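Novice: Build me a model from this:
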Amino acid sequence: MTATKSALNAVKHGLTSLTFVPDHARDFVESIRIDLTSLHQPQTSDETSLVAELAVALWQNYEHDRRFYENKAYELSIADDLFAEQASAKCRDDLAGLRTSPGLNQFRLTESYLGSVQLQGLFQSVLTTLSQNLPISFQQITDCINAVGEDWRLDTLSTQAGQMMGLHLALVEDPEAEINQWAAQSQPLSQDRAELLARHHHAQAPNAEKARAELTAKLGRELARVAGRISHLKEQFDDRRRLFKAASAGFGLHDPRGIRAAMLAMRYRTAAYNRSERIQKELEKRKCERAETSPATVYTHRLPAQATADSKPLQASTINEVAATKPASPQASKPPAAQALRNETAPAPFKPLTPAKTGHKMVVRPVSNRKTQLARLAKQAR
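Specialist: Numbers count the residues shown, from 1 in each chain. Okay, the predicted model is just below:
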């Protein structure tokens with residue numbers, strides 16, 4: 001079934017076929033073919049077919065590029081919103097998991113820009129409530145304890161979390177109701193032991209004014225620590241967003257379906273480019289072969305056909321007539337005195353000082369190489 005569907009791609013969009021062109025692109029392909037014909041000047045039917053295939057291949061390259069950049073422009077337009085949505089979803093997951101594993105999720109929140117913004121807003125709201133001499137809620141104090149990486153549940157209560165809960169109990173009007181809610185939401189193994197531990201931390205807390213000051217100072221330090229990293233985390237957040245746009249825009253934006261579609265389009269695009277290059281190389285090869293096999297034009301001077309047909313061997317009388325009509329050479333036309341003077345002034349022939357050696361014959365030896373040497377050694381050994 002998959003092979004059958006993929007075989008219909010050439011019919012649907014024409015980007016994987018050799019000769020199929022949709023109706024809306026026929027004029028464009030024809031204009032490309034005309035330009036290629038004027039450029040390559042095909043002389044044979046094979047070259048004409050290659051020019052036609054090259055026109056279709058170049059149109060496919062253009063269509064692949066157009067689709068790729070249109071898809072990239074669309075994904076660039078939605079990349080910022082998609083990145084912000086993904087970052088917000090991750091921040092919500094970290095906030096939801098802050099109660100179950102506060103240490104791990106508090107670290108994740110403080111290392112992310114959106115998480116740090118959430119923690120900053122939480123500390124600011126609690127400090128604003130404390131500055132107005134108003135009591136904070138049980139949900140607010142538990143969120144603040146989790147925001148500093150501690151667990152407020154009585155079974156896993158740490159020292160720092162117990163001190164913060166004791167400061168909170170010192171500020172509320174009904175500590176017993178808060179203790180019962182603390183023990184109920186902690187879901188301890190022993191209710192009596194959990195309530196005893198909660199009352200112990202309440203007894204260790206100072207008075208309301210001092211408790212408010214200590215809790216304000218502690219949360220203020222946490223707010224300053226988080227706020228000091230906001231600008232640096234904002235730069236990192238913007239860098240990751242730009243990297244996300246540059247790396248994934250046009251390639252699916254980390255969506256599995258979009259990634260598969262982008263990979264398939266890139267495979268079609270690469271195949272079209274390779275095919276156009278092969279056609280161009282084949283066309284150039286055919287043109288070179290035609291240029292090499294074409295007969296060379298040789299310009300020679302020949303007698304007219306009638307003169308060559310009527311020509312016959314010269315007879316003795318004809319030879320005499322030609323000799324009689326032939327003009328005398330410049331040397332023969334010279335006077336005898338000038339000829340005698342030239343003979344007297346002519347240099348004597350060269351005579352070597354030593355007689356030439358006779359009976360010596362020069363033998364030209366072939367240039368020896370390793371194969372000749374080995375053959376000679378083998379012959380001597382035999």
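
Novice: separation between the residue nearest to Phe138 when sequence neighbours are not counted and Met266?
Specialist: With Cβ to Cβ, 6 or more residues apart in numbering as the criterion, Phe138 has its nearest non-adjacent residue at 5.7 Å, and that residue is Gln181. For the C-beta atoms, the positions are set from N, CA and C on the backbone; glycine is no exception. Distance, Gln181 to Met266, using Cβ to Cβ, to the nearest Å: 59 Å.

Novice: rewinding a little: what about the residue nearest to Phe138, which helix or strand?
Specialist: Gln181 is part of helix 175-186 when elements are defined by DSSP states H and E.

Novice: Mind listing what's buried along that helix?
Specialist: Residues Pro175, Glu178, Ile179, Trp182, Ala183, Ser186 are the ones in helix 175-186 that count as buried (16 or more other Cβ atoms under 10 Å).

Novice: what's the closest of the residues you listed to Glu111?
Specialist: Within these, the smallest distance to Glu111 is 28.0 Å, found for Ser186 (Cβ to Cβ).

Novice: Would you agree that closest one is in contact with Met165?
Specialist: No. The pair Ser186 / Met165 is not scored as a contact, 10.5 Å apart, by Cβ atoms under 8 Å.

Novice: if I look at those two, which residues touch both of them?
Specialist: Jointly contacting Ser186 and Met165 under the rule Cβ atoms under 8 Å, 6 or more residues apart in numbering are Trp152.

Novice: Contacts only, for the residue nearest to Gly258 when sequence neighbours are not counted.
Specialist: The shortest distance from Gly258 to any non-neighbouring residue, by Cβ to Cβ, 6+ apart, is to Gly252 (3.1 Å). Shown in contact with Gly252 (Cβ under 8 Å, 6+ apart): Glu75, Gly258, Ile259, Arg260, Ala261, Ala262.

Novice: What helix or strand is the fourth one located in?
Specialist: Applying DSSP H and E as the criterion places Arg260 in helix 256-293.

Novice: again with the first one
Specialist: Assigned by DSSP H and E, Glu75 belongs to helix 45-96.

Novice: what is the orientation angle of the helix or strand following that helix with helix 45-96?
Specialist: Next helix or strand after helix 45-96 toward the C-terminus (DSSP H and E): helix 102-110. Helix 102-110 and helix 45-96 are oriented at 130 degrees to each other (axes from the mean of the first three to the mean of the last three Cα atoms, to 10 degrees).

Novice: helices or strands next to helix 102-110 in the packing?
Specialist: Applying 3 or more Cβ pairs under 8 Å, 6 or more residues apart in numbering; DSSP states H and E, one finds that helix 102-110 contacts helix 45-96, helix 113-131, helix 138-147.

Novice: List of residues touching that helix?
Specialist: 91, 94-95, 97-98, 115-116, 118-119, 145-151, 226, 229.

Novice: Now list the buried members of these.
Specialist: Counted by 16+ other Cβ under 10 Å, those give 91, 94-95, 97-98, 115-116, 118-119, 145-151, 226 as buried.

Novice: State the helix or strand in which the residue nearest the centre of the chain lies.
Specialist: The structure's the chain has its C-alpha centroid closest to Ala247; by Cα atoms, centre = their mean the separation is 9.5 Å. Using DSSP H and E, Ala247 maps to helix 230-248.

Novice: for that helix, packing partners?
Specialist: helix 45-96, helix 113-131.

Novice: per-residue pLDDT, the residue lying closest to Lys218 once chain neighbours are set aside?
Specialist: In space, Lys218 comes closest to Met164 once its chain neighbours are excluded; the distance is 7.1 Å by Cβ to Cβ, 6+ apart. Looking at Met164, its pLDDT is 91.

Novice: contacts for the host helix or strand of Met164?
Specialist: Met164 belongs to helix 159-171 when assigned by DSSP H and E. Contact with helix 159-171 is made by 135-136, 138, 141, 144-145, 148, 150-152, 157, 175, 178-179, 182, 197-198, 201-208, 211-212, 214-215, 218, as judged by Cβ under 8 Å, 6+ apart.

Novice: Please pick the buried ones from those residues.
Specialist: Among those, those scoring as buried are 135-136, 138, 141, 144-145, 148, 150-152, 157, 175, 178-179, 182, 197-198, 201-202, 205, 211-212, 214-215, 218 (criterion: 16+ other Cβ under 10 Å).

Novice: sorry, back to before: got the buried residues of helix 175-186 as JSON lines, with distance to Glu282 and pLDDT columns?
Specialist: What follows is those, written out as JSON lines (distance: Cβ to Cβ, whole Å; pLDDT from 0 to 100):
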{"residue": "Pro175", "distance to Glu282": "91", "pLDDT": "89"}
{"residue": "Glu178", "distance to Glu282": "86", "pLDDT": "89"}
{"residue": "Ile179", "distance to Glu282": "88", "pLDDT": "89"}
{"residue": "Trp182", "distance to Glu282": "83", "pLDDT": "89"}
{"residue": "Ala183", "distance to Glu282": "85", "pLDDT": "87"}
{"residue": "Ser186", "distance to Glu282": "79", "pLDDT": "84"}
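
Novice: Just the closest of these to Gln43, please.
Specialist: Closest to Gln43, out of all of the buried residues of helix 175-186 and judged by Cβ to Cβ, is Ser186, at 92.4 Å.

Novice: Distance of that closest one relative to Lys234?
Specialist: Using Cβ to Cβ, Ser186 is found at 37 Å from Lys234.

Novice: Kindly report the same for Ala246.
Specialist: Separation of Ala246 from Lys234 (Cβ to Cβ): 19 Å.

Novice: that older thread, for Glu284, find the nearest of the helices and strands packed on helix 230-248.
Specialist: Smallest distance to Glu284 across those (Cβ to Cβ): 9.7 Å, for helix 45-96.

Novice: What angle do helix 138-147 and the closest one make with each other?
Specialist: Here helix 45-96 points in a direction 120 degrees away from that of helix 138-147 (the same axes, to 10 degrees).
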